[in-house]
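Trainee: what follows is a predicted protein model with its sequence.
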Amino acid sequence: MIQVAPSLLSADFARLGEAVAMVNTSEASLIHIDVMDGMFVPNITVGFPVIKSISTIAEKPLDVHMMVSEPGRFVDRVRDAGASIMNVHWEACTHLDRVVHTIREAGMKPAVTLNPATPVMFLRDIIRELDMVLLMSVNPGFGGQKFIPNTINKVRELRRLIAESGSEAVIEIDGGVNLETAPSLIEAGADILVAGSYVFNAADSHKAISDLISLS
Ligand code: DX5
Ligand code: ZN
């Protein structure tokens, strides 16, 4: 069964509490929070105080997607803000192995994210240490972008790498997920779909989440 992680990036930030309450009462598995620093990506979003506030009302684990340079600097602060999963970009970490182990030692699940142009094979020597791999299906930085179809090939390749290595990592996809793009992702072996604009621009967000889950 496919799992859904609504991305709060497309929620109305003036009514963030209502967005979290919607996710709490939905069939979603996680709450996806996008942190951007204006350096690694050309946008700036929310930081630790906002994550902390969300964590006080969230009833689903927080999946924190760090689109920041050298995210290893912030492991303790992400943990203290209430994250369960800390997602760091392969492209943003000089010493990825150290960052992954620091995240686990801090009590969170380590996840590594790949940009669309970063090959899956770059994870070969770290895959067994990961709880999750996030494949970006758009270039990170903004919600509402168009899905990059090559992601489907990457999901298949990652599924093979996970099987061959004996890793227990789950596969999460982020960007341009909707009812049109989700079926081939599910067929290729995705476990979790992040969905921002598709969920929060829908007339009925609960139904949008349930409809995605019903595809599997
Ligand atoms: C983009 C973020 C995504 C974003 C996805 O850089 O990482 O989580 O919210 O938005 P949609 O689902 O609208 O593509
Ligand atoms: Zn994200």
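Mentor: Perfect, thanks for sending it. Here the structure is a predicted model, which means the values were calculated and not measured. Ligands and ions are numbered 1, 2, ... in the order given.
Trainee: CA only for contacts and neighbour counts going forward, please
Mentor: Will do.
Trainee: distance of Tyr198 from Asp125?
Mentor: With the distance defined as C-alpha to C-alpha, to the nearest Å, Tyr198 ends up 34 Å from Asp125.
Trainee: neighbour-wise, which of these two wins?
Mentor: Tyr198 (23 against 10; other C-alpha atoms under 10 Å).
Trainee: who touches the longest helix belonging to the chain?
Mentor: As assigned by DSSP state H, the longest helix anywhere in the chain is helix 151-165. Contact with helix 151-165 is made by 116, 119-121, 124, 127-128, 135-137, 168-169, 171, 184-185, 188-190, as judged by C-alpha atoms under 8 Å, 6 or more residues apart in numbering.
Trainee: buried among those residues? Make that a ChimeraX selection.
Mentor: To isolate the buried ones among those in ChimeraX, judged by 16 or more other C-alpha atoms under 10 Å, type:
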select :116,120,127,128,135,136,137,169,171,185,188,189,190
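Trainee: among the contacts of helix 151-165, which ones are in helices?
Mentor: Ser184, Leu185, Ala188.
Trainee: between the residues you listed, which sits nearest Glu59?
Mentor: Set against Glu59, the nearest of the ones in helices among the contacts of helix 151-165 by C-alpha to C-alpha is Leu185 (26.7 Å).
Trainee: so who does that closest one touch?
Mentor: So Leu185 contacts Ile152, Val155 (C-alpha under 8 Å, 6+ apart).
Trainee: mind redoing it with 7 Å?
Mentor: Ile152 (C-alpha atoms under 7 Å, 6 or more residues apart in numbering).
Trainee: ditto for the one 5 residues further on
Mentor: Applying C-alpha under 7 Å, 6+ apart, we find Ala190 in contact with Val155, Ile171, Glu172.
Trainee: output these as JSON lines; include the columns distance to Glu180 and pLDDT.
Mentor: JSON lines is the format used below for the contacts of Ala190 (distance: C-alpha to C-alpha, whole Å; pLDDT from 0 to 100):
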{"residue": "Val155", "distance to Glu180": "17", "pLDDT": "99"}
{"residue": "Ile171", "distance to Glu180": "19", "pLDDT": "99"}
{"residue": "Glu172", "distance to Glu180": "17", "pLDDT": "99"}
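Trainee: quick check, nearest of these to ligand 1?
Mentor: Glu172 (10.8 Å; C-alpha to the nearest ligand atom).
Trainee: count of residues packed around that closest one?
Mentor: Neighbour tally, Glu172, other C-alpha under 10 Å: 24.
Trainee: please name the bridge partners of it.
Mentor: Leu134, Ile192 (DSSP bridges).
Trainee: now it: how far from Asp97?
Mentor: Going from Glu172 to Asp97 by C-alpha to C-alpha gives 20 Å.
Trainee: what of Ile209?
Mentor: Separation of Ile209 from Asp97 (C-alpha to C-alpha): 34 Å.
Trainee: does stretch 78-97 reach ligand 1?
Mentor: No - using C-alpha under 6 Å from any ligand atom, stretch 78-97 stays clear of ligand 1, coming no nearer than 10.3 Å.
Trainee: same check on stretch 186-206?
Mentor: Yes - Stretch 186-206 comes into contact with ligand 1 (C-alpha under 6 Å from any ligand atom), by way of Ala195, Gly196, Ser197, Tyr198.
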